[in-house]
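> Need coordinates for the below:
(chains A and B)
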2 protein chains.
Amino acid sequence: MKIGILGGGQLGRMLIQSALKYDDEFYTLDPASDAPCSTISNFTQGNFNDYETVLNFGKNKDVVTIEIEHVNADALAEIENQGIKVVPNSAIIKTIQQKILQKEFYKAHDIPSPEFQAVWNSDEKITMTLPFVQKMNTGGYDGKGVQVIKNEEDLQNLWKEPSVIEKLVDIDKELSVIVARNEKGETKTFPVTEMVADPKLNLLDFNICPVFLHEDTQKQIDVITEKFLNAINSPGLFAIELFLDKAGKVWVNETAPRLHNSGHQSQEGNANSQFEQMYRVVKNLPLADTESLGYSGMLNLVGAEGYSGKVIYEGMEEVLKLPKTYVHLYGKTETKPGRKMGHINVLADSKEELMEKLIKVKTMVRVIA
Amino acid sequence: MKIGILGGGQLGRMLIQSALKYDDEFYTLDPASDAPCSTISNFTQGNFNDYETVLNFGKNKDVVTIEIEHVNADALAEIENQGIKVVPNSAIIKTIQQKILQKEFYKAHDIPSPEFQAVWNSDEKITMTLPFVQKMNTGGYDGKGVQVIKNEEDLQNLWKEPSVIEKLVDIDKELSVIVARNEKGETKTFPVTEMVADPKLNLLDFNICPVFLHEDTQKQIDVITEKFLNAINSPGLFAIELFLDKAGKVWVNETAPRLHNSGHQSQEGNANSQFEQMYRVVKNLPLADTESLGYSGMLNLVGAEGYSGKVIYEGMEEVLKLPKTYVHLYGKTETKPGRKMGHINVLADSKEELMEKLIKVKTMVRVIA
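As a prediction, this is how the structure comes out:
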């Protein structure tokens, strides 16, 4: 089957890597000539935001999917019109890629998400009380396009673009759940993972699984995933990012209509990875079992501050000596501060061992140039 | 690093697949334009038995390795002369690719292997008593080039080529152990696996791990692997195929100087796979831990008798519904009787469950056209 992917980054690369155990042809589209997928797929250099480029790319494919949501959804709609399958469908991509529509989607489907105000126009009066969160309507990614407005003084920093103004949640835990649905309507959910963010770079840092949750918390999450999977009306794999607040209530922060950083530990930590699951969704195959095989965790390898250029993974050889420690690099030759260059997964027999191993690995390796 | 592989078959493909989690460039050489590696590496169509072709292929590589042993070893020796690393080195490839030299190697290093007679010339008198095994000196592969001469009548079928005449072992179990050594001299051994051969096609059928062996048997194997790893004087990953005879003695049947079918269950069954280990050998990195994660087994997907042409994996969708069952196809579009098209790995909690699952899967899927 000819599978086209919009985006040629690490998510696409790991999807293709995983799917090399089947017999398909992968095609990728990315503006960067040295994109992580460029050497392992039939690669087209081009802009996935451009209508004509996406339309042309879709031609002669059996199915088109995405590994980034900021793509030209109108072109995907036209590809669907022409009878080519798009996973997830253009309607849900369009909804999710705009924060305002995404929030309205939660509201319409009774999915708990923090109270919000849609600001299409920068002269609209903000009715939300301080402090609050501002999320740009489009283009947010890896923590970019999100800011906290704490006080009156911060108000002058408000972005003057369409955005969501959202009530600040008093966060106890940041959780994530990866869900999948195939065309037949079969659904499968991965065990919940917990994220620990780096406060400086706002990039996911550690991600651990399983998370022991209060029965009521798990129940809230189950209700959310069920409502979400019923509401989307599309095959796809989605990462639902959740907040558990200090009062014990679960809120949807946001959803990605694709493979997600918070699911990387599934590569060695679960019976099947999010990449295998995504492949099965794309091909409309029976969904894979998602059972945790034990304690697993992930840390991102992010370009260190002050280093740009040809990447060096300092300390990596020592990391490779550690048992049940799995290095995943993304085939990027150039590092810059904050760039996601790879990740390391770790397996352990207890949560204590897991945290010790993750912290140890984090101190051992540096992404420099 | 630029890594060149002689051969572009499934072993190379799975090596590259596994190594996509690091940052290297893979180059492959194979006579078939549609070789499994052709779409996922920098591919050269050419004959790996041809001196000039191999020499040219080696140019500008940082390291050259093999995924099949029937290659031009003289060209590899010249590549070494030119200062390019070859893994395993040309001398050990040359020894192993000729059954007579391989047998003499075992003898020289006191590694137990069935008694034999080297027959360079077809008029030489055979002194071995019947029944015995004849193995062609060169070119044997996947059970080809091996025959049992049972009685006087069979003697007329003797191949008139240089060969090894070997004493027939009264086999209790066929075992395999995959060993690795890096340039620094570090060594690691995978847990022993047991093979169950299909008597008709003589292709490996099931392969299971772990195998519960008598303490003395394991000790014999440990001595063999230690002697072998000391004797080779080369980095490399090797599959040592063993016979356990009915008297409890372990014999080396033969060795492959490369990735091996008997190690495929390591993809999901061990902390790291033979492919990860091979990558680390090639790059001279610390060797990976090889711990079994539980009961695992593999069955080959072999082209069914009577079918040639565009492959269809009948029953595959049902197989994909089974938990902890992993399908690995090799990207081959055409099937023919006996052709290795893929394999399926299975994980289980007990040996009984493992055998049940393997037999169930075997009855579910057929490779037809």
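> For the stretch 251-369 of chain A, what lies in contact range of chain B?
The stretch 251-369 of chain A comes close to chain B at residues A:271, A:280, A:285-286, A:288-289, A:291, A:293, A:311, A:317, A:320-321, A:323-324, A:326-333, A:347, as judged by CB under 8 Å from any CB of the partner chain. In short, each C-beta sits where N, CA and C put it, glycine included.
> mind redoing it with 6 Å?
A:271, A:285-286, A:289, A:320-321, A:323-324, A:328-329, A:331 (CB under 6 Å from any CB of the partner chain).
> Among those, name the ones in strands.
Those of these mapping onto strands are A:328-329, per DSSP state E.
> for the stretch 251-369 of chain A, what spans make up the strands?
A:295-302, A:309-310, A:312-314, A:325-329, A:334-335, A:340-348, A:366-368 (DSSP state E, counting those that start in this stretch).
> would CSV of the ones you listed with mean neighbour count and distance to B:Glu353 be doable?
Putting these into CSV (neighbours: other CB atoms under 10 Å in any protein chain shown; distance: least, CB to CB, whole Å) gives the following:
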stretch, mean neighbour count, distance to B:Glu353
strand A:295-302, 24, 23
strand A:309-310, 11, 49
strand A:312-314, 15, 40
strand A:325-329, 22, 26
strand A:334-335, 18, 46
strand A:340-348, 23, 22
strand A:366-368, 20, 43
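> closest point of the stretch 101-250 of chain A to chain B, which residue?
A:Glu186 (9.8 Å; CB to the nearest CB).
> isn't that residue right next to A:Leu287, touching?
Yes - between A:Glu186 and A:Leu287 a contact is recorded at 5.3 Å, counting by CB atoms under 6 Å.
> helices or strands next to the longest helix along chain A in the packing?
If you go by DSSP state H, chain A has its longest helix at helix A:215-232. Packing contacts for helix A:215-232, counted by 3 or more CB pairs under 6 Å, 6 or more residues apart in numbering or on different chains; DSSP states H and E, involve strand A:171-181.
> Pull up the pairing partners for the strand it packs on, direction included.
Counting by DSSP bridges, the strands paired with strand A:171-181 are strand A:187-189 (antiparallel), strand A:193-197 (antiparallel), strand A:236-245 (antiparallel).
> Run the chain-centre distance for the helix or strand where A:Val86 lies.
Secondary structure here is read from DSSP states H and E; on that basis A:Val86 sits in strand A:85-87. The chain centre lies 19 Å from the centre of strand A:85-87; the measure is CA atoms, centre = their mean, to the nearest Å.
> neighbouring contacts of the next helix or strand after it?
Remark: after strand A:85-87, the chain's next helix or strand is helix A:90-97, criterion DSSP H and E. Helix A:90-97 is contacted from outside by A:69, A:73, A:76-77, A:80, A:101-102, A:105, A:232, A:234, A:255, A:257, using CB atoms under 6 Å, 6 or more residues apart in numbering or on different chains.
> Beta-bridge partners for the nearest residue to A:Gln147 once chain neighbours are set aside, please?
Distance criterion CB to CB, 6 or more residues apart in numbering or on different chains; nearest residue to A:Gln147, sequence neighbours excluded, is A:Gln134 at 5.3 Å. As for beta bridges, A:Gln134 partners with A:Gln147, A:Ile165 under DSSP bridges.
> if we can go back for a sec, which of the contacts of helix A:90-97 fall in helices?
Going by DSSP H, the helices hold A:73, A:76-77, A:80, A:101-102, A:105, A:232 from the contacts of helix A:90-97.
> how many neighbours does A:Ile359 have?
By other CB atoms under 10 Å in any protein chain shown, the residues close to A:Ile359 number 12.
> make that A:Val196, sorry
A:Val196: 16 surrounding residues under other CB under 10 Å.
> Deepest in the core, which of the strands paired with strand A:171-181 is it.
strand A:236-245 (a mean of 22; mean count of other CB atoms under 10 Å in any protein chain shown).
> Grab the CA positions of it and hand them over as CSV.
The C-alpha coordinates for strand A:236-245 follow below in CSV (Å, rounded to 0.1, in the frame of the first residue of the first chain):
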residue,chain,number,x,y,z
GLY,A,236,-7.0,8.1,13.9
LEU,A,237,-4.6,8.0,16.8
PHE,A,238,-4.8,10.9,19.2
ALA,A,239,-2.9,12.0,22.3
ILE,A,240,-5.2,13.6,24.8
GLU,A,241,-3.2,15.7,27.2
LEU,A,242,-4.9,16.0,30.6
PHE,A,243,-4.6,18.0,33.8
LEU,A,244,-5.5,16.4,37.1
ASP,A,245,-6.2,19.4,39.4
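> By mean pLDDT, show me the worst of the strands paired with strand A:171-181.
The minimum mean pLDDT among these belongs to strand A:193-197 (a mean of 86).
> and for that strand, what are the contacting residues?
A:173-176, A:204-209, A:211, A:262.
> hmm, 10 Å instead?
A:143, A:171, A:173-178, A:203-213, A:239, A:241-242, A:244, A:260-266, A:269-270, A:292, A:296-299, A:355, A:358 (CB atoms under 10 Å, 6 or more residues apart in numbering or on different chains).
> so who does the residue nearest the centre of chain A touch?
Nearest to the geometric centre of chain A sits A:His260, at 2.7 Å (CA atoms, centre = their mean). Contacts for A:His260 (CB under 10 Å, 6+ apart) come out as A:11, A:176, A:178, A:193, A:204, A:207, A:237-241, A:274.
> Cool, thanks, talk later.
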